[in-house]
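J.: Below is the sequence, then the predicted model.
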Amino acid sequence: MLDAKATINAESLVKARVIRRARDGVRLLGRGELKAKLTVEVHGASKSAIAAVEKAGGTVKILAPVKKDEGEAVVTSASSPALRRASERQDDGLIEAEHQIMSGVR
């Protein structure tokens, strides 16, 4: 479970097992209602997510984007069915992480 008094970032989300890893950073999306005052550090956030955190008295810090290593091949999810399924599972994980953040922070 996440501690609302601590800064919520990629490391704390991995530690709380909300996400498995933060390879490309964490993006905060706004859905639902936030009741806890949070300090959040993410690599991106929607306007509605920032508004929800600030409305609850918290703050959002946008971090620099995660840089890919030079020469690293960029593979799109459309390039293979297996990657497409993995991408869909990752999207489901992000939605679940968002749900846990918005509803389960104590």
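T.: Received the coordinates, thanks.
J.: tell me the contacts of the nearest residue to residue 10 once chain neighbours are set aside?
T.: Nearest residue to residue 10 in three dimensions, chain neighbours excluded: residue 22, at 3.4 Å (C-beta to C-beta, 6 or more residues apart in numbering). (Each C-beta comes from the backbone N, C-alpha and C, glycine too.) Residues near residue 22 by C-beta atoms under 8 Å, 6 or more residues apart in numbering: 10-11, 13-14.
J.: can those go into TSV with extra columns for neighbour count and pLDDT?
T.: Output for the contacts of residue 22, formatted as TSV (neighbours: other C-beta atoms under 10 Å; pLDDT from 0 to 100):
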residue	neighbour count	pLDDT
10	20	93
11	12	93
13	20	93
14	14	93
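J.: Tell me where this protein has strands.
T.: Ranges of strands in the chain, per DSSP state E, are 7-8, 27-28, 39-42, 44-45, 59-62.
J.: need the helices for the protein, in chain order.
T.: 10-15, 47-55, 81-104 (DSSP state H).
J.: hang on, the earlier thing: mean pLDDT and mean neighbour count for the strands of the chain - can I get that in a markdown table?
T.: Shown next, in a markdown table, are the strands of the chain (pLDDT from 0 to 100; neighbours: other C-beta atoms under 10 Å):
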| stretch | mean pLDDT | mean neighbour count |
| --- | --- | --- |
| strand 7-8 | 94 | 19 |
| strand 27-28 | 92 | 19 |
| strand 39-42 | 95 | 19 |
| strand 44-45 | 94 | 17 |
| strand 59-62 | 96 | 14 |
